[in-house]
Structure formats: C-alpha cells, structure tokens
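# sequence unavailable; structure follows:
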C-alpha cells in the first residue's frame, strides 16, 4: 500500500511540474513573440479583424487602391464620429444637381404636405405638394413677410417634387433637383389665369429677399455660363439661411459657392453670423469609400455632399 501511495504522489508531482513547465514555456513565447495587433482595426469601440490570407474578402469595406478607411483615433471633447459613404457626396441641400445627374433624396428629413401646412399668405394649385419641413417653414415665413411688405397674396405653389411642364405651363422646364424635397416652383395668380413669375414688379421682393429665409433662385440672372441654364426666377431652392446669405452677399450661384467652400477646413472654417446664430462651414474631402467626420454630440450640424469630391459641414453655434 505504501508503494502504491508513493507512486501516486510521484505521479501527481510530475504532472504538476509539467503544468508549471508548460506555463513557463508559453509565457516565454508570449514575451519574445508579443501579439501583433496591427491586423486589427479599432472601430466604434470594437476590434474588427480584416480577412487574412485565404479569406474571401475583408471584414470592412475597402477604400481607394485597396486601402482601408481610417477612423479618428480619439474624438475631441463634445464630438463624435459620423460615417459617410461616397453615395453621400450626391445627397444634401448643397449638391448642385444637373439634369443629367441621379438625384438621391435625403429620406432622413421630415416632409410635410405644403397644401395643408401653408399659411394664408399664398395659395397652392393642387392638393398635394410634399416639401421638407425646414424648407416649408422657410417658405411660409417668406410669404408672410412678402404679404406684410406688399399687401399681396398672389403667389401660388405650382410644383415641388413634380411640376406640370410643357407648352402653356408657367414653369415650362422640369429640373432634377425637385426630387430632393427642397424646391418650390411658383407662379402668380392673375385675374383670369395663372401667370409665369418673371421676377419683376412688386413680386421682385422674393428674388431680393429670399436668402433671408434660406432660399436661392437656383438659376439666377447672369450665371448661364456657369449653371448651364437661363434665368428662371420661378424655381426656388432651399439651401439653409447661412448658405443663402453668403451667396447673396457675393452674387454667387450655387456652383460658385460650393467651389468656394472647398477652400475651407475644420481648422479654418467660414464663419457666418445671422440675426441670432453663428455658423461654421467647411469642407471635408472624400478619400475612400467610407469617410469618418468629427461632428458635435449636440447634433447641431448638417452634412451635405458637394456633388463631386466631398462633403460640406455646417455647424450651428448658439
């Protein structure tokens, strides 16, 4: 019995020694061959491992020339990271759409039926005119101010997302950006008929003052060589107050303004002061299929594509 107990004790001791030896060997391997974490990408709090040799595809979407997009390492205080893709370059209030471009409507914005949402200072020639809520609020405020300035209520909405065009129409040409939900086509209610809005007479007030309400004449006078279109004062586009005010102050069309913004960065933004707000505006180029933007946690910002190479960020400072 004593011999059997002795054998068991020796066996147990040998096993324990083996475990200790294996642990020592493993620790030595880890010490001389530390874990290579370069194969991982830190994205929004998680390590993501791209596909290695023999894998079908990477875990993340590859960028230009096969490079993986880079996320900001540490967000600044009060900021977070917002992910945008190359499709977003062609989405937003500031994209200078041409009629041969595919329009990507921004479904994130709330839409209203202007025929039901309107005030009493203008009319609608139909029962359904969808418009993004910010654009609708801006138009209502503009028509109220127009009525107070002229005592007129002769403007009528002829189209928003779709406009009846062709021979005899006061808005004879369709434009692709109507699908964005940020445009209105207007006409004038005459005594016996609907009249095309030519931007003259008392109604010129809208051309002169629409920027105060976030609107521009999308195809302004004297800019045909840049826009490719004649002067159409009846096609109004909502871009937001700071952008519209800057365009008016410099006599710029949308194409000129977007080109100007590309010269400004997050470190050196355009600063625009309105009556009660301050805005910072700058451009971020797209350098891959996925781009990470640093934006305020407060949510007081807008992102719009520029229609060609990147994104325009507008931050509202209270």
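Structure received. Quick caveat, the model's predicted, so the values are computed rather than measured.

# residues contacting residue 239?
Contacts of residue 239 were listed using Cβ atoms under 8 Å, 6 or more residues apart in numbering, and they are 93, 94, 182, 214, 215, 216, 247, 254. Every C-beta, even on glycine, is put in place using the N, C-alpha and C of the backbone.

# one more pass at 6 Å, please.
93, 94, 216 (Cβ atoms under 6 Å, 6 or more residues apart in numbering).

# kindly report the same for residue 219.
Taking Cβ under 6 Å, 6+ apart as the definition of contact, the neighbours of residue 219 are 227, 229, 232.

# tell me, please, the helix or strand in this protein that averages the lowest pLDDT.
Comparing helices and strands within the chain by mean pLDDT, DSSP states H and E singles out strand 46-48 as the least confident, with a mean of 33.

# now the closest residue to residue 104 other than its chain neighbours: how far from residue 238?
Closest residue to residue 104 in three dimensions, ignoring its sequence neighbours and counting by Cβ to Cβ, 6 or more residues apart in numbering: residue 91, at 4.3 Å. When distances are taken as Cβ to Cβ, to the nearest Å, residue 91 and residue 238 turn out to be 15 Å apart.

# so between the two, which is more surrounded?
Using other Cβ atoms under 10 Å as the criterion, residue 91 and residue 238 rank with residue 238 on top: 27 against 21.

# show me the beta-bridge partners of the more buried one.
Judged by DSSP bridges, the bridge partners of residue 238 are residue 215.

# do you know the pLDDT at it?
The model reports residue 238 with a pLDDT of 98.

# hmm, residue 215 and it touching each other?
Yes - between residue 238 and residue 215 a contact is recorded at 5.5 Å, counting by Cβ atoms under 6 Å.

# need the contact list for residue 187.
Residues in contact with residue 187, defined by Cβ under 6 Å, 6+ apart, are 156, 158, 170, 194, 197.

# run the last query once more with 10 Å
Taking Cβ atoms under 10 Å, 6 or more residues apart in numbering as the criterion, residue 187 is in contact with 123, 125, 154-159, 163, 169-171, 193-197, 234.

# same deal with residue 251?
Taking Cβ under 10 Å, 6+ apart as the definition of contact, the neighbours of residue 251 are 220, 221, 222, 223.

# need these in CSV (columns: secondary structure, pLDDT and neighbour count).
Output for the contacts of residue 251, formatted as CSV (DSSP: H, G, I helix; E, B strand; the rest coil; pLDDT from 0 to 100; neighbours: other Cβ atoms under 10 Å):
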residue, secondary structure, pLDDT, neighbour count
220, coil, 98, 22
221, coil, 96, 14
222, coil, 97, 9
223, coil, 97, 20
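
# what is the nearest of those to residue 115?
Nearest to residue 115 among those is residue 220, at 27.6 Å by Cβ to Cβ.

# could you check how many residues crowd around the residue found closest to that closest one once you drop the neighbours it is linked to in the chain?
Take residue 220 and drop its neighbours on the chain: the residue closest to it by Cβ to Cβ, 6+ apart is residue 253, 5.5 Å away. Applying the criterion other Cβ under 10 Å, we find 21 residues in the vicinity of residue 253.

# how much space separates residue 253 from residue 200?
For residue 253, the distance to residue 200 under the criterion Cβ to Cβ works out to 20 Å.

# with residue 113 instead?
The value you get for residue 113 to residue 200, if Cβ to Cβ is used, is 30 Å.

# now do residue 150
When residue 150 is compared with residue 200 (using Cβ to Cβ), they lie 13 Å apart.
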